[in-house]
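Visitor: need the 3D shape of this:
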Amino acid sequence: MSMIDGISNLLFNVYEAFTVALYVREHDRLNCLSSVTFAKSFDKDRSIPVEGTLPGWVIKHNEPLIIPNFDKDEDTLGYYGASEGIKSFMGFPVDADAVIIVDSKKKYVFTDREKKILGFFVSVIREEIERINKARDAEEAIEDFYAEKRIMGLFNELNLGKISVDEILKEALSLSGGDFCFVGVEKNGRLSITEVYGVERPEELKRDCQPGISIASMVMEGGRELLLPYNSGYLREKPLFFFNEPIKARQFFGFPLATDDVIMGVLGFVSLIDVKLKEQFIGVLRNVSTFLSLYYSSHWMKEHIDKLKDFEPVTGAIQFSSFLAIVDKMIKKNEKFSLLTVKVLHMKTYNRRMGYEFVHNLLKRLFQVIRYSTGTQAYISRKGGSRFYIAVKGNDMVETRNMIKLIQYTAQKILSEERVLDGGNLIECSMCLFPEDGRDLWELFEKAEEKRHRKIIE
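Guide: The predicted model follows:
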């Protein structure tokens, strides 16, 4: 038995009461912390409203209340499920969020003397509640520490590739007390839900959120966390993700995923039922969002660097080794394609007379010409500084010749406008077709090289 239960029993005997109960406030309801009663209709686990009840009146006005001749409707007591024949009532505020009540089936048993005695017991109860709160705060701090330690261990395993993000979300969701959690990442200015944990059909939620409307998007667009209370008006008025979504959120904690002031996504926790999210773990959940931000940032950087390895830095053309792998794969799959070559003549002269910066800008312009002439489905590579190789899906002779003509005409015009050299042929092009001109990778390159030395464009 706790000290508070002991005090309740003592008051019950001192006042020869019918019921003694201590209630603490949580939002607009009062929850019973301790009770002693003869009433069969008293339910300690039932919360009672602050509004419209006498215990609620005591808390709202923060002053004792004595009704020595109770002749009101017993519903105003709030804590009985049936009529019990109460004749006297006394309530005393413990603090701004707690009240102790004593009632009796006898009239005129509570006076100012009883109120003064109850005030002494209340001071003892107040001290005990403070002690309990301090102990609870200490327990929560310890729990926070161990929870964060567990999550740090999980992030270490995540970075080593031993677990997936789901394991992180599972641990974080357990701490939050919510029904499900999610990760959304920014894609082309919109928030796209990529990870969902805790719902039966997560694929129903893995969509783009509606920008400017959805609550999840508000976190990314505002760049700050959004902690919505239980039954928030926002959640009633706005969708969490998108209109006609298959869930009805009751509470939401949202944390932006960010690095160096760049918002890359959102970590969110959602309650769908009467169980509320645990506010005491907001700090830990915020740290989870920080760790996830670092993870996604490094993951994105690794992918970006890997992609950069496939492209040469001057023009953005595919590295020649990657180009060879693409063409070899097309040959093995027996896909028809055209192989084009474009060579800038007199490159040493350009470098000597105009410098590398001029040449780099010139090559970039030529790459754009080739890209425009061959279309987005073409694979373009640069080798040896002055030579481009292009693989274009399909091997229509007429279409390929037209591409060559367009490239040669436009490139010759650009090179002539620079006036580095006086006239003459400034560019050379050739083409060959797969499988007509050969079925071997290097045979095709040799055939293209041969044709480069012959005039194939009329």
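Visitor: and what about residue 248, helix, strand or coil?
Guide: Secondary structure, DSSP: H, G, I helix; E, B strand; the rest coil: residue 248 is coil.
Visitor: from residue 378, how far off is it?
Guide: Separation of residue 248 from residue 378 (C-beta to C-beta, to the nearest Å): 50 Å. From N, CA and C alone the C-beta is placed, and that goes for glycine too.
Visitor: count of residues packed around the closest residue to residue 314 other than its chain neighbours?
Guide: Using C-beta to C-beta, 6 or more residues apart in numbering and skipping residues adjacent in sequence, the residue nearest residue 314 is residue 360, 5.2 Å away. Look at residue 360: counted by other C-beta atoms under 10 Å, it has 13 neighbours.
Visitor: quick one, phi/psi of residue 448?
Guide: Torsion angles at residue 448 (phi, psi; degrees, to the nearest 10) stand at phi -60, psi -40.
Visitor: pLDDT value on it, please?
Guide: Looking at residue 448, its pLDDT is 80.
Visitor: got it, and residue 37?
Guide: So, for residue 37, pLDDT stands at 95.
Visitor: try the one 4 residues further on
Guide: At residue 41, the predicted lDDT confidence score is 93.
Visitor: wait, doesn't it sit right on residue 75?
Guide: No - using C-beta atoms under 8 Å, residue 41 is not in contact with residue 75; the gap is 11.9 Å.
Visitor: related to what we said a few turns ago, could you measure from the residue nearest to residue 314 over to residue 317?
Guide: 12 Å.
Visitor: do the same with residue 19
Guide: Counting by C-beta to C-beta, the gap from residue 19 to residue 317 is 85 Å.
Visitor: over to residue 128?
Guide: In terms of C-beta to C-beta, residue 128 sits 76 Å off from residue 317.
Visitor: compare neighbour counts for these two and give me the winner.
Guide: Legend: neighbour count by other C-beta under 10 Å for residue 128 and residue 317, higher for residue 317 (24 against 16).
Visitor: ok, and for stretch 49-58, which residues are buried?
Guide: 50, 53, 54, 55, 56, 57, 58 (16 or more other C-beta atoms under 10 Å).
Visitor: could these go into a markdown table alongside distance to residue 170, secondary structure and pLDDT?
Guide: Output for the buried residues of stretch 49-58, formatted as a markdown table (distance: C-beta to C-beta, whole Å; DSSP: H, G, I helix; E, B strand; the rest coil; pLDDT from 0 to 100):
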| residue | distance to residue 170 | secondary structure | pLDDT |
| --- | --- | --- | --- |
| 50 | 37 | coil | 93 |
| 53 | 41 | coil | 94 |
| 54 | 45 | helix | 95 |
| 55 | 40 | helix | 95 |
| 56 | 40 | helix | 94 |
| 57 | 45 | helix | 95 |
| 58 | 44 | helix | 95 |
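Visitor: what's the closest of those residues to residue 228?
Guide: Distances from residue 228 to the buried residues of stretch 49-58, taken as C-beta to C-beta, are shortest for residue 50 (21.8 Å).
Visitor: who are the neighbours in contact with the closest residue to that closest one other than its chain neighbours?
Guide: Nearest residue to residue 50 in three dimensions, chain neighbours excluded: residue 56, at 3.7 Å (C-beta to C-beta, 6+ apart). Listed by C-beta atoms under 8 Å, 6 or more residues apart in numbering, the contact set of residue 56 reads 30, 48, 49, 50, 78.
Visitor: same question for residue 381.
Guide: 312, 317, 318, 319, 320, 322, 323, 388, 389, 390.
Visitor: among the residues you listed, name the ones in strands.
Guide: 388, 389, 390 (DSSP state E).
Visitor: go through those residues and say which is closest to residue 410.
Guide: Closest to residue 410 out of the ones in strands among the contacts of residue 381 is residue 388 (13.2 Å), distances taken as C-beta to C-beta.
Visitor: which residues does the closest one form a beta bridge with?
Guide: Beta bridges link residue 388 to residue 342, residue 382, judged by DSSP bridges.
Visitor: just checking, it touches residue 318?
Guide: No - the criterion here is C-beta under 8 Å, and residue 388 misses it with residue 318 at 10.4 Å.
Visitor: need the residues touching each of the two.
Guide: With C-beta under 8 Å, 6+ apart, residue 388 and residue 318 have common neighbours 380, 381.
Visitor: of those two, who's got more company?
Guide: residue 388 (24 against 21).
Visitor: look up phi and psi at the closest residue in space to residue 228 that isn't next to it in sequence.
Guide: Computed as C-beta to C-beta, 6+ apart, the closest residue to residue 228 that is not its neighbour in sequence is residue 252, at 4.5 Å. Backbone torsions of residue 252, given as degrees, to the nearest 10, read phi -150, psi 130.
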